[in-house]
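Asker: model this:
(chains A and B)
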Amino acid sequence: MKTNGGAALIKALELEGVDVIFGLPGGAILPVYDPIIDSPIRHILVRHEQGAGHMAEGYAHATGRPGVAMVTSGPAATNIITPLADAYMDSVPMVVITGQVGTAGIGTDAFQEVDTVGITRSVTKHNELVTNAADIPRIVREAFHIATTGRPGPVLIDIPKDLVDPSNPNSALDWYWPDSVDLAGYNPRLDGDPALIKDAAQLIIAAERPVIYAGGGILKARAAEPLLALAELLDIPVVTTLMARGTMPDDHPLCLGMPGMHGNYTAVTAMQESDLLIALGSRFDDRVTGKIDAFAASAKIIHVDIDPAELGKVRRPDVGITGDCRLVINELITALKQIGAPEVQPDRSSWKSTISGWQEKYPLTYVQSEPGDLLKPQYVLEQLRDNTPDDCIVASGVGQHQMWTAQYWKFNHPYTWINSGGLGTMGFAVPAAIGAKVGRPDRMVWAVDGDGCFQMTAQELVTAAAERIPVKIAILNNAYLGMVRQWQEMFYEERYSEVYLSPDLPDYKMWAESMGCVGMRVEAPEDVLPAIQRANEVDDRPVVIDFRTDAREKVFPMVPAGKSNSDIVVGPEDER
Amino acid sequence: MSPVTRHHILSVLVENKPGVLARVSGLFARRGFNIFSLAVAPTDDPTRSRITIVVDVESAPLEQITKQLDKLINVLQIDELAPIDAVERELMIVTVAVSAESKPELLSLTEEYSGAVLDESGDRITVSLGGTPEALDAFTSRMGAAVVAYQRTGRIALPRII
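Answerer: As a prediction, the model looks like this:
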């Protein structure tokens, strides 16, 4: 069948099961936007290309399916680089299609030309400049394969205009659809090496103070169930990193919650004092380890990751296993049972009581505000947590509000927490929440955002209003770049430099209303719950609540940057 | 100038496509590793190229770099060649200033190194030499200050036949 590159691209996306594209048209990608009119794929017209990328990420986080974004060349391609970098850091499956100037114009500084594959090389798992229309079906097939298998990540396809423009002979091709993908240089290993599995099982069954260090890879591998089974088999406590919140239900007695710079005392200290860390789909990020030389110094390490480059990158493992977490954990369970688990194991009662002692002594705490004072952000989060469905999806931006949400929310289901972990992208929440709601329209989706973050990407609420995507946004408005303010207070002698934003400029309620959303402002504790309840009832448009919160509130516990996790600062009274 | 003892030779088999060299070299650049020498050319299979990279780096970061290289979709195979297990060759063309007295000496040295005269005019001669990198080092050092300019290809290497 004779076709053209543009029609072939859309057909290939349909065959890959794409149901939605987040995008914004422009010159070079114009010919591809014509066949979209006749395609069953839903297109969501964003207001800024960064929004398209983060929506695709939010969609992928919530559904496990690859998010797809499509934008034009030049400035559109550069605008989507932040989402690409974000997805690369957090291993989010995503396919981004960029238009490119026609093949004859490449390299001539043509209008809206940038070297997109050159610029995005270090922030994509793979990228490809299409040079022949006949390659389009194959390259699309390969892109989805690469994005979704092994360690997932973003793949970019850059397509020159003449190859998709039906009026140009360069766009002609005979349609085909490859049965399979043939990439000689790409063969991710999925099952664990049996000898290493046995070694790991021996370490686990002998450990007296083991901790499972569960990372975002558990979610990518759909391995929450085997993780729970492994933890329960030998009663091993589990910490869930920022990227792994929800992999293990927070309600489960073995779940210790979040470790790291703003982790809770028990999660941080249990890792620190453990004699065996079982790292599953986690990568010893500096925000988790603190000062690396002082991290879990007496622990042996089992490290399971699908990306062999993670093994030994930061901490040399005693047993390093390359493989898919779902398969490897199941293999570990089998191996453990073969050597007598759960009957054979040391007495770990003192480790358990040590841990529960820490939990009792060092819970997360804050002091409720005095009447007339601004809201405590933690109080707003508790109210939100307790008055939304258990499977509510929560997205966040980056900063204090993100840490408080990660700390105070009860994540009892996988794929309910969506945030920017590795790259720390302010402005992530609004578009990511929109993408999540598009992917999971059956779920309630809240974004918890900061006032600084909100101002970076709020325009996408216009997209959400126009497309009837009823996300709900809680702005914890403390009128500051709060996390930066916290660092200036603690480490720069309270010399506040360029962090004040104003609570009223912009007027968030009016701004929300002007974007077609319901807008509310809440200043008193007794008004928090009614506002949340009212927001929960809106299902035909987005809602924005401007919660006025206390700027003096800091995120605790905190391990100061560069310090050992043993130097954790539990609360303001503990500051030196 | 000879590679110091930390040098490692990576023989990287890649797809022969635009941009692949940039992907490979970009990984080194990102970590601030200087590539000591680099040679790239198609193999017997024209869809594949072999990149021979000599890099001056300690083993631990090199392990991380080879793992990262292996993640590139267009990289098919990576072999780290220990100098003792590999045959290495390099090609050099060198222009030397000569006088009537020194010219015979250069010509005989060129012959000793199995080289060939490529070009000459008046007081300059350009010769080509192939050999081990150490042999080329020895040649240039014997020429000393008479060397006007030289260009080396960077080494190419294959594992020894066992």
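
Asker: Every contact and neighbour count from this point should use C-alpha atoms.
Answerer: Fine.

Asker: and the residue of chain B nearest chain A?
Answerer: In chain B, the residue that lies nearest chain A is B:Leu76 (4.3 Å; CA to the nearest CA).

Asker: pLDDT value on the closest residue to that residue other than its chain neighbours, please?
Answerer: Spatial nearest neighbour of B:Leu76, chain neighbours left out: A:Gly185 (4.3 Å); criterion: CA to CA, 6 or more residues apart in numbering or on different chains. A:Gly185 carries a pLDDT score of 95 in this model.

Asker: Quick check, central residue of chain A?
Answerer: What sits nearest the mean C-alpha location of chain A, by CA atoms, centre = their mean, is A:Asn419, with 4.1 Å.

Asker: Got phi/psi on B:Val148?
Answerer: When read as degrees, to the nearest 10, the backbone of B:Val148 gives phi -90, psi -50.

Asker: how far does the longest strand anywhere in chain B sit from the chain's center?
Answerer: The longest strand of chain B (DSSP state E) is strand B:86-97. How far strand B:86-97 lies from its chain's middle: 8 Å, per CA atoms, centre = their mean, to the nearest Å.

Asker: what about the residue of chain B closest to chain A, distance to A:Trp404?
Answerer: 45 Å (CA to CA, to the nearest Å).

Asker: Tell me the helices and strands packed up against the longest helix belonging to chain B.
Answerer: Criterion DSSP state H: the longest helix present in chain B is helix B:59-71. Contact partners of helix B:59-71 among helices and strands, from 3 or more CA pairs under 8 Å, 6 or more residues apart in numbering or on different chains; DSSP states H and E: helix B:20-30, strand B:75-81.

Asker: Deepest in the core, which of these is it.
Answerer: Stretch with highest mean neighbour count among the helices and strands packed on helix B:59-71: strand B:75-81 (a mean of 19; mean count of other CA atoms under 10 Å in any protein chain shown).

Asker: Just want the angle from it to helix B:59-71.
Answerer: Angle, strand B:75-81 to helix B:59-71, by axes from the mean of the first three to the mean of the last three CA atoms, to 10 degrees: 160 degrees.

Asker: Show me what strand B:75-81 is in contact with.
Answerer: The contact list for strand B:75-81 (CA atoms under 8 Å, 6 or more residues apart in numbering or on different chains) reads A:184-186, B:8-15, B:66, B:69-70, B:158-159.

Asker: which one of these has the most neighbours?
Answerer: Most neighbours among the contacts of strand B:75-81, by other CA atoms under 10 Å in any protein chain shown: B:Val14, with 26 neighbours.

Asker: Next, the residue nearest to B:Leu76: secondary structure please.
Answerer: Secondary structure assignment for A:Gly185 (DSSP: H, G, I helix; E, B strand; the rest coil): coil.

Asker: Verify the contact between it and B:Ile73 for me.
Answerer: Yes. A:Gly185 sits in contact with B:Ile73 when judged by CA atoms under 8 Å, with a separation of 5.2 Å.

Asker: Residues of the stretch 251-400 of chain A that sit close to chain B?
Answerer: Residues of the stretch 251-400 of chain A lying near chain B by CA under 8 Å from any CA of the partner chain: A:308-309, A:313.

Asker: again, 6 Å this time
Answerer: A:Ala309 (CA under 6 Å from any CA of the partner chain).

Asker: ranges for the strands of the stretch 251-400 of chain A?
Answerer: A:255-257, A:276-280, A:300-305, A:319-322, A:393-396 (DSSP state E, counting those that start in this stretch).

Asker: OK, contacts around A:Phe428?
Answerer: With contact set as CA atoms under 6 Å, 6 or more residues apart in numbering or on different chains, A:Phe428 has these partners: A:Gly397.

Asker: Leaving out the residues flanking it, which one is nearest to A:Cys255?
Answerer: Nearest to A:Cys255 is A:Val238, by CA to CA, 6+ apart, at 5.0 Å.

Asker: Look up which residues are beta-bridged to that neighbour.
Answerer: Beta-bridge pairing for A:Val238 (DSSP bridges): A:Ile212, A:Cys255.

Asker: May I ask you to confirm that it is in contact with A:Ile212?
Answerer: Yes. Using CA atoms under 6 Å, A:Val238 is in contact with A:Ile212, at 4.6 Å.

Asker: Low-confidence stretches in the chain?
Answerer: You didn't pick a chain, so chain A it is. A:575-576 (pLDDT under 70).

Asker: Please refer instead to chain B.
Answerer: B:1-6.

Asker: Get me the contact residues on chain A for chain B.
Answerer: A:185-186, A:309.

Asker: okay if I get the residues you listed as CSV plus distance to A:Gly397?
Answerer: Listed next are the residues of chain A next to chain B as CSV, based on distance: CA to CA, whole Å:
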residue, distance to A:Gly397
A:Gly185, 36
A:Tyr186, 34
A:Ala309, 28
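
Asker: I'd like to know the phi and psi angles of A:Tyr88, please.
Answerer: phi -70, psi -40.

Asker: Correct me if wrong: it contacts A:Pro152.
Answerer: No. Counting by CA under 6 Å, A:Tyr88 sits too far from A:Pro152 to count as a contact (8.3 Å).

Asker: hmm, back to that, and of the helices and strands packed on helix B:59-71, who's closest to A:Ile205?
Answerer: Minimum separation from A:Ile205 across those (CA to CA) falls at strand B:75-81, 36.9 Å.

Asker: The closest one pairs with which strands, and in what direction?
Answerer: For strand B:75-81, pairing defined by DSSP bridges yields strand B:7-15 (antiparallel).

Asker: what does the strand it pairs with rub up against?
Answerer: For strand B:7-15, using CA under 6 Å, 6+ apart, the contacting residues are B:48-56, B:74-81.

Asker: sec struct for B:Ile125, please.
Answerer: B:Ile125 is classified as strand under three-state DSSP.

Asker: quick one: A:Pro431 from A:Tyr480, how far?
Answerer: 21 Å.

Asker: before we move on, back to that, from the contacts of strand B:75-81, which single one is nearest A:Val95?
Answerer: When the contacts of strand B:75-81 are compared against A:Val95 (criterion: CA to CA), the nearest one is A:Tyr186, at 17.4 Å.

Asker: That closest one and B:Leu72 touch, don't they?
Answerer: No. Using CA under 6 Å, A:Tyr186 makes no contact with B:Leu72, being 7.9 Å away.

Asker: Go through stretch A:111-124 and flag the buried ones.
Answerer: A:112-117, A:120-124 (16 or more other CA atoms under 10 Å in any protein chain shown).

Asker: Could I get the CA-only coordinates of it as CSV?
Answerer: The C-alpha coordinates for stretch A:111-124 follow below in CSV (Å, rounded to 0.1, in the frame of the first residue of the first chain):
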residue,chain,number,x,y,z
PHE,A,111,14.1,28.9,10.3
GLN,A,112,13.3,27.0,13.6
GLU,A,113,16.2,24.6,13.1
VAL,A,114,18.2,23.2,16.0
ASP,A,115,20.3,20.0,16.1
THR,A,116,17.6,18.2,18.1
VAL,A,117,19.3,14.8,18.2
GLY,A,118,22.6,16.4,19.2
ILE,A,119,21.0,18.5,22.0
THR,A,120,19.0,15.6,23.4
ARG,A,121,21.6,12.8,23.1
SER,A,122,22.6,12.9,26.7
VAL,A,123,19.0,13.1,28.1
THR,A,124,17.4,10.3,26.1
